[in-house]
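# based on what follows, work out the 3D shape:
(one chain, ligands or ions: 1)
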Amino acid sequence: MKKETFWDKKIETADRKILDSLKLKQLKRLVGYALRTVFYKSRLKAVGISSPRDIRSLKDLARIPFTTKDDLRECYPNGLLSVPMSRVVRIHTSSGTTGIPTVIHHTQKDLNSWTDLVARSISATGAGKQDIFQNMMTYGMFTGGLGLHYGAERVGMTVIPMGGGNTRRQIQIMRDFGTTVLHITPSYMLHLYSMLSECGATLKDFKLKKAYLGAEPYSEDTRSKIEKMWQIDAYNSYGLSEMNGPGVAFECVYKTGMHVWEDVYHVEIVDPKTGELLDDGLEGELVFTNLLREATPLLRYRTRDMAAILKGSCPCGRTHRRLSRITGRTDDMLIINGVNVYPSQIESVVMKMPEVGNNYQICLEKDGALDSLTVKIEISSRMFQGDLGLIDRLKERIKESLRASIVINPRVELHEPGSLPVFEGKAKRVVDNRIKI
Ligand code: DLL
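Numbers count the residues shown, from 1 in each chain. Next comes the predicted model:
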């Protein structure tokens, strides 16, 4: 019997009609806020929307052009602010590759609604007041730390605000305080395990039951591996700073996809090339509208994340539709000698191998005119002590499986545990040293 808890059962199990009428009310209000910004005023006017009254149904949202990360950057720092700065109580930014961050301002009401959604997410995993929650996500401008922090407090968990890094201390605190729930990136969760023996700890020293894993892509095989090695339940958690941060979509105890909190986050899946809306079950780019935003209204924000809305209902009784695992980003596809490869395909193959350790890296170089792909993989230290022929055979097996999955021939290097770079926050798995033209 799964332990099911609701934070706001009425809204979490509301039927579609009720959800839609609530959403429409909220969308009108949001458009009112958006019209206060110069950016949206002209955009909305161009499609015949100059007042919230011009929104008559949720379908009217489709008339509104998408908002992109570049739009946000052009509005840096305060161009999308729709309330006086005196009403803003917090600012978060996310920095991208270009160096200009996207900025999200929050009013107290914005933060309250975010906190509630995180409380809802935590409750859906069966956690509550009885739990000791160790937050290993970075605090600061990154939304992973503070986002979960306030939600966990609202639920009444005992919160240990560790932030990222300092692995030995993390392990000691987990042991001393009997931590039952962790919030952590999947890559750091794997690393944490590999540090246990060095810290003289075994699983018996802990009371860990659950981990919330997110902030970076990872495969179902990585989740299984983490659940088995730690003997816990690992829940997928998705979010992005432009939509507040964590708490946009979260798995419930059934772990069959992440419920998107649809009363607040209007979700669309679109064809990344044409922008055309796709039906449930089809994979495309996620587009979100946070219907409750006051300070930084964002309409139809293109996330660049690829996923599908899952068909069918969840045994938990929540009516909010579920999101598949994020399969990649529209901008993380690698083109290797003309072949399209997603890093997630490589991770899926690597993490299926029981001999593989807790870290890997994808390296790209130029070899004359051609691209060369090397997958560096840490394997268990036992493998280096025995028959070296075993290593060669494992290498061949990994190579074969990779070739079958990505249709190109990679080099595979096997490394000792602890020799590849470790990341305490989001992992950087791909090192692309090809000269970009
Ligand atoms: O990573 C917010 C977050 C913190 C989510 C902690 C979950 C847990 P950003 O730094 O703005 O915000 O990065 C957002 O991270 O667009 C995805 O590409 C990726 N991402 C986040 N969660 C997942 C996940 C936070 N569960 C970007 N699976 C998003 C795959 C994820 N990718």
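# just to be sure, residue 235 is in a strand?
Yes. Assessed with DSSP: H, G, I helix; E, B strand; the rest coil, residue 235 lies in a strand.
# residues touching the residue nearest to it when sequence neighbours are not counted, list them.
For residue 235, ignoring the flanking residues on the chain, the nearest one in space by Cβ to Cβ, 6 or more residues apart in numbering is residue 251 at 4.4 Å. For every residue, glycine as well, the C-beta is placed using N, CA and C. Contact analysis of residue 251 by Cβ atoms under 8 Å, 6 or more residues apart in numbering lists 124, 125, 235, 236, 237, 257, 258, 259.
# top of these by neighbour count?
Highest neighbour count within those, by other Cβ atoms under 10 Å: residue 258, with 28 neighbours.
# just to check, that residue is in contact with residue 239?
No. Shown here, residue 258 and residue 239 do not form a contact pair, counting by Cβ atoms under 8 Å, at 9.7 Å.
# can you pull the residues that touch both of these two?
Common neighbours of residue 258 and residue 239, counting by Cβ under 8 Å, 6+ apart, are residue 249.
# which positions in the protein make contact with the ligand?
Contact residues (Cβ under 6 Å from any ligand atom) of the chain with the ligand: 94, 137, 142-144, 214-217, 236-241, 245-246, 303, 305, 326, 329.
# apply 8 Å and report the result again.
By Cβ under 8 Å from any ligand atom, the residues of the chain that approach the ligand are 94, 137, 142-144, 147-148, 183, 185, 212-218, 236-242, 245-248, 258, 303-305, 325-326, 329, 426.
# residue 302 is in contact with residue 65, correct?
No. Counting by Cβ under 8 Å, residue 65 stays clear of residue 302, with 10.3 Å between them.
# compare the two (neighbour count), which wins?
Neighbour count, other Cβ under 10 Å: between residue 65 and residue 302, residue 302 has more, with 21 against 14.
# does that one belong to a helix, a strand or coil?
Going by three-state DSSP: residue 302 is strand.
# which residues are in contact with the residue in the stretch 151-300 of the chain that the ligand sits nearest to?
Closest to the ligand within the stretch 151-300 of the chain is residue 214: 3.0 Å, counting by Cβ to the nearest ligand atom. Contacts for residue 214 (Cβ under 8 Å, 6+ apart) come out as 144, 185, 186, 236, 237, 238, 239, 246.
# tell me the pLDDT at the residue nearest to the first one when sequence neighbours are not counted?
Right, the one you point to is residue 144. Distances taken as Cβ to Cβ, 6+ apart place residue 137 nearest to residue 144, at 3.3 Å, with adjacent residues excluded. Looking at residue 137, its pLDDT is 96.
# strands along the stretch 51-200 of the chain, start to end?
Taking DSSP state E, counting those that start in this stretch, the strands of the stretch 51-200 of the chain run over residues 88-94, 102-107, 132-135, 158-160, 181-184.
# list phi and psi for the residue nearest to residue 144.
The phi and psi torsions at residue 137 (degrees, to the nearest 10) take the values phi -90, psi 150.
# make 57 the starting number, not 1.
OK, 57 is where the count begins now, so the last one is residue 193.
# do I have it right that it meets residue 240?
Yes. Between residue 193 and residue 240 there is a contact under Cβ under 8 Å: 6.8 Å.
# more neighbours: which of these two?
Using other Cβ under 10 Å, the more surrounded residue of residue 193 and residue 240 is residue 193, with 31 against 27.
# need the contact list for the more buried one.
For residue 193, the contact set (Cβ under 8 Å, 6+ apart) comprises 200, 201, 203, 204, 219, 220, 239, 240, 241, 271, 302, 481.
# would you agree the fourth one is in contact with residue 238?
No. Assessed by Cβ under 8 Å, residue 204 is found out of contact with residue 238, at 10.3 Å.
# now for those two: what residues contact both?
Here residue 204 and residue 238 share the contacting residues 189, 268, scored by Cβ under 8 Å, 6+ apart.
# narrow the contacts of residue 270 to those that are buried.
Burial by neighbour count, judged by 16 or more other Cβ atoms under 10 Å, picks out 200, 241, 242, 292, 293, 294, 295, 302 from the contacts of residue 270.
# for those, which one is nearest residue 416?
residue 242 (12.3 Å; Cβ to Cβ).
# excluding chain neighbours, what is closest to the closest one?
Nearest residue to residue 242 in three dimensions, chain neighbours excluded: residue 274, at 4.1 Å (Cβ to Cβ, 6+ apart).
# neighbours around the one you found, how many?
27.
# surely it is in a strand?
No. The assignment for residue 274, made by three-state DSSP, is coil rather than a strand.
# quick one, what contacts it?
Neighbours of residue 274 in contact, by Cβ under 8 Å, 6+ apart: 242, 243, 403.
# in helices, which of those fall?
Of those, the ones assigned to helices by DSSP state H are 242, 243, 403.
# hmm, what's the outermost residue in this structure?
Seen from the C-alpha centroid of the chain, the residue lying at the greatest distance (Cα atoms, centre = their mean) is residue 443, 40.3 Å away.
# for that one, grab phi and psi.
Backbone geometry at residue 443, expressed as degrees, to the nearest 10, gives phi -70, psi 120.
# now do it against residue 452, distance only.
According to Cβ to Cβ, to the nearest Å, residue 443 and residue 452 sit 14 Å apart.
# for residue 199, same thing?
Look at residue 199 and residue 452: by Cβ to Cβ, they are 43 Å apart.
# these two: which is more packed in?
Neighbour totals were compared for residue 199 and residue 452, and residue 199 leads with 26 against 11 (other Cβ under 10 Å).
# my read: the more buried one touches residue 298, true?
No. Counting by Cβ under 8 Å, residue 199 does not reach residue 298; the two are 9.6 Å apart.
# could the contacts of residue 270 go into a markdown table alongside pLDDT?
Below are these laid out as a markdown table (pLDDT from 0 to 100):
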| residue | pLDDT |
| --- | --- |
| 200 | 96 |
| 241 | 94 |
| 242 | 94 |
| 292 | 98 |
| 293 | 98 |
| 294 | 98 |
| 295 | 97 |
| 302 | 98 |
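# how is the chain partitioned into domains?
57-386, 390-488 (automatic domain parsing).
# need the winner for burial among those.
domain 57-386 (a mean of 19; mean count of other Cβ atoms under 10 Å).
# so how far is that domain off the chain centroid?
How far domain 57-386 lies from its chain's middle: 7 Å, per Cα atoms, centre = their mean, to the nearest Å.
# need the pLDDT of residue 309.
In this model, residue 309 carries a pLDDT of 98.
# I figured it hits residue 62, correct?
No. In this structure residue 309 lies outside contact range of residue 62 using Cβ under 8 Å: 11.3 Å.
# overlap of the contact sets of these two?
The contact sets of residue 309 and residue 62 overlap at residue 180 (Cβ under 8 Å, 6+ apart).
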